[in-house]
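>>> Build me a model from this:
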Amino acid sequence: MTAYLVVFLASIAASGLTLYSGFGLGTLLLPVYSLFFPLEVAVAATAMVHGANNAFKIGVVGRHADRSLVMRFGIPAILAAFVGAALLGYVAHFGEIARYSLGTHEAVVTPIKLSIALLMLAFALFELLPSLRGLKFDRKYLFLGGLLSGFFGGFSGHQGALRSAFLAKVGISPQAFVGTNAVIGFMVDMIRITIYAAAFMTAGTMGLADTAQWPLIATGTVAAFAGVLLGKRYLHKMTMNSVQVITGAFLLGIAIALGLGIV
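Now for the predicted structure:
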């Protein structure tokens, strides 16, 4: 029951935050799922909740999406997501680097944990350091932004922060920003979920086919839907600075724990 409560609260809060920031759900939910699933399965589970949430957001605000931006940013993002997701499937099968005991808990450091921990640490700095928090990019860098966002989205699910940094600079309305973010995020999610499923099947592992894992995924999905509705109604009063600090602090703590093999 504790697992369901933790997933529900994390998902509803993160989904509300991500409606306006364009990022946060995968960032906050991945560490939570990693407490209950193997890390590669946690990435896939988070992708499914993230994809369902983006589909729901498309239904709510998708009509405002800028089609030109969806094409110019989304197509390179999809291509790069293939590479990132395939790399995750490759790295997931590497052996452990180190193992040690912390009291009664046995910590295990693996290449995939270390890789994702370093990515989380980098994105935490983007949220916490003022010099990086306000970083934005010109429209001429949309193709590059799509490649970077798609790759990291496929590898670890951390696509929203980079995508938002690029899209926030192109001079579109807040409604178009939210709608475009949702459409591109959904496109990348569908690609990486497909690659993850193929990787699990190729490896002969159960992955997300294990029925014991679906209730937690369903809990996260329902909570994410509720978070979108609550966010649309109430969270416009929250400043982006607060969103970034909360996300960055949580991300930093989990990155350290993950890199040390504690989770």
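>>> is it fair to say Ile262 lies in a strand?
No. Using DSSP: H, G, I helix; E, B strand; the rest coil, the assignment for Ile262 is coil, not a strand.
>>> which residues sit in contact with it?
If you count contacts by CB atoms under 8 Å, 6 or more residues apart in numbering, Ile262 has them with Leu102, His105, Ala107. (Each C-beta comes from the backbone N, C-alpha and C, glycine too.)
>>> ok, the last one touching Arg99?
Yes. With contact taken as CB atoms under 8 Å, Ala107 and Arg99 are classed as touching, separated by 7.1 Å.
>>> if we can go back for a sec, out of the contacts of Ile262, which is most surrounded?
The most crowded member of the contacts of Ile262, judged by other CB atoms under 10 Å, is Ala107 (15 neighbours).
>>> Give the other helices and strands that the helix or strand where that one lies contacts.
Assigned by DSSP states H and E, Ala107 belongs to strand 105-109. In terms of contacts (3 or more CB pairs under 8 Å, 6 or more residues apart in numbering; DSSP states H and E), strand 105-109 is packed against strand 98-102.
>>> ok, and for the strand it packs on, which residues are buried?
Residues of strand 98-102 include none that count as buried (16 or more other CB atoms under 10 Å).
>>> Just name whatever secondary elements the helix or strand encompassing Ala117 is in contact with.
Element membership for Ala117 (DSSP H and E) is helix 111-128. Contact analysis of helix 111-128 by 3+ CB pairs under 8 Å, 6+ apart lists helix 25-34, helix 39-61, helix 67-91, helix 130-133, helix 142-156, helix 160-167, helix 240-259 as its packing neighbours.
>>> Adding distance to Phe177, mean neighbour count and mean pLDDT, write these out as CSV.
Output for the helices and strands packed on helix 111-128, formatted as CSV (distance: least, CB to CB, whole Å; neighbours: other CB atoms under 10 Å; pLDDT from 0 to 100):
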stretch, distance to Phe177, mean neighbour count, mean pLDDT
helix 25-34, 16, 26, 77
helix 39-61, 10, 23, 83
helix 67-91, 9, 20, 88
helix 130-133, 17, 12, 76
helix 142-156, 14, 24, 87
helix 160-167, 6, 24, 74
helix 240-259, 12, 18, 73
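>>> Leu119: which of those is closest?
Nearest to Leu119 among the helices and strands packed on helix 111-128 is helix 142-156; the distance by CB to CB comes to 5.0 Å.
>>> which helices and strands sit right next to the closest one?
helix 67-91, helix 111-128, helix 160-167, helix 174-203.
>>> Now that we have the ones you listed, can you turn them into TSV and tack on distance to Leu258?
Output for the helices and strands packed on helix 142-156, formatted as TSV (distance: least, CB to CB, whole Å):
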stretch	distance to Leu258
helix 67-91	14
helix 111-128	4
helix 160-167	17
helix 174-203	19
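>>> closest one to Trp214 among these?
Closest of the helices and strands packed on helix 142-156 to Trp214 is helix 174-203, at 13.8 Å (criterion: CB to CB).
>>> Give me the distance between the residue lying farthest from the centre of the chain and Ile262.
Largest separation from the mean C-alpha position in the chain: Gly103, at 31.7 Å (CA atoms, centre = their mean). Taking CB to CB, to the nearest Å as the measure, Gly103 falls 11 Å from Ile262.
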